[in-house]
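>>> Predicted model follows, preceded by the sequence.
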Amino acid sequence: MSNLTKITTRLAVAGIAAAAFAVTTSAQAEWKPKGPISVMIGFAAGGGTDTQARLIAAELEKRRGWKIIPSNVTGKGGVVMARKLKKLPNDGLSIGMAVTEVFGYNMLASKKAGYKASDFTYVATTTSSQMGIVANTSKGWKTFADVIAAAKKGKVFKFAGMSAKHADINFLIEQKYGVKFNTVVLRGGRKVMNAITAGDVDLGYGAGIQTKAVLAGKMVNLASGLGERLRISPNAPTLMEMGIPYAIGAKFIFVAPAGIPADARKALGDAIGEVINDKTTKASQFVSKAYGGPDVVTGAKLDAYINNEIVIAKTLMKVMN
């Protein structure tokens, strides 16, 4: 075989390989659902998770032409939705939206969760919660230190949380300061806010849904549950600053059953991220107003985040036991 023939042959093989790669890449980039996409929302209608999911669904239909059917599958702080989702086909046509606690603390705390972290493919986060301890401004408290001071004098506050994790954090606060709360767990931020507004509870946890009321002067963030101070309430101390060594924020997240095709995961994650990061969309404007802006994490970084959340949850549970 002459050198010219060898070169020609190599070029031909390289051309075939390049063509094959181009076809594969094109196929991945052009993944399209073969039917309607069902989005199961793990929390009740009207809350932050529900609002995001529906705004994103509407924008994806507009941009991609995908048919998307949202529905609320509530119960046990997202656990019921996750339990149902894991049993559905992993073809990209069934996804769910919840918060990362559903695949961390809530999962581990529920003796009958019926699923494990490996039962899911983690598609994309949308934003981070602005977790705060919230009360009506009319109560007169400026920060959580005011509540602690009153509790030390014997007042028992009715304190609403959204999960077992919040109840555990309240227990740690009680132990730290020698106070007593009447802790109640309500399902979802909207119910907590409604209970605070109605005076059914004295204070509670809000994952960003309180932002509008805080900006209007009707409610106040007494403390931040994040590892940093809240953007809209920089004077409110973090729980970590007050000696409770745990951040209790979470991210809003889309998930699918385990084992969906890699191209479907990427296409869904990219499409969701595109909507949330585009400041002109209603979805992006909503998360910017309620939660301080987009926080999109996908792929291997998202898997690592979930794994880290599980480690933190196990550490907290060990302390509680």
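That came through, no problem.
>>> dump the residue contacts of the residue nearest to residue 148 when sequence neighbours are not counted.
Distances taken as Cβ to Cβ, 6 or more residues apart in numbering place residue 177 nearest to residue 148, at 5.2 Å, with adjacent residues excluded. Any C-beta I mention is one placed from the backbone N, CA and C, and that applies to glycine too. Going by Cβ atoms under 8 Å, 6 or more residues apart in numbering, residue 177 touches 148, 151-152.
>>> Identify the residues contacting the residue nearest the centre of the chain.
Geometric centre of the chain, nearest residue: residue 252, 1.9 Å, by Cα atoms, centre = their mean. Residue 252 is in contact with 48-49, 52, 97-100, 125-129, 291, counting by Cβ under 8 Å, 6+ apart.
>>> Just confirm it is within a helix.
No. Using DSSP: H, G, I helix; E, B strand; the rest coil, the assignment for residue 252 is strand, not a helix.
>>> Leaving out sequence neighbours, find the closest residue to it.
Spatially, and ignoring its direct neighbours in sequence, residue 252 is nearest to residue 126 (4.7 Å; Cβ to Cβ, 6+ apart).
>>> can I get the CA coordinates of the helix or strand where that neighbour lies in PDB?
Assessed by DSSP states H and E, residue 126 sits inside strand 120-128. The C-alpha trace of strand 120-128 is given here as PDB (Å, rounded to 0.1, in the frame of the first residue of the first chain):
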ATOM      1  CA  PHE A 120     -33.700   9.100  41.100                       C
ATOM      2  CA  THR A 121     -31.800  11.000  38.400                       C
ATOM      3  CA  TYR A 122     -31.300  14.600  39.500                       C
ATOM      4  CA  VAL A 123     -32.000  16.900  36.600                       C
ATOM      5  CA  ALA A 124     -31.600  20.500  37.700                       C
ATOM      6  CA  THR A 125     -32.100  23.000  40.500                       C
ATOM      7  CA  THR A 126     -33.800  26.300  39.900                       C
ATOM      8  CA  THR A 127     -33.000  28.500  43.000                       C
ATOM      9  CA  SER A 128     -32.100  28.400  46.600                       C
END
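>>> other SSEs contacting that strand?
Helices and strands touching strand 120-128, by 3 or more Cβ pairs under 8 Å, 6 or more residues apart in numbering; DSSP states H and E, are helix 48-64, strand 251-257, helix 262-277, helix 282-291, helix 299-320.
>>> Please identify the deepest-packed of the ones you listed.
Highest mean neighbour count of those: strand 251-257, a mean of 24 (counted as mean count of other Cβ atoms under 10 Å).
>>> ok and that one relative to helix 48-64, angle-wise?
Angle, strand 251-257 to helix 48-64, by axes from the mean of the first three to the mean of the last three Cα atoms, to 10 degrees: 60 degrees.
>>> All the strands of the stretch 101-250 of the chain, in order from the start?
In the stretch 101-250 of the chain, the strands defined using DSSP state E, counting those that start in this stretch lie at 120-128, 132-136, 157-161, 181-185, 203-206, 219-224.
>>> Identify the residues contacting the third one?
The set of residues external to strand 157-161 that reach it, using Cβ under 8 Å, 6+ apart, is 147, 150-151, 167, 169-170, 181-186, 191-192, 195-196, 200-205.
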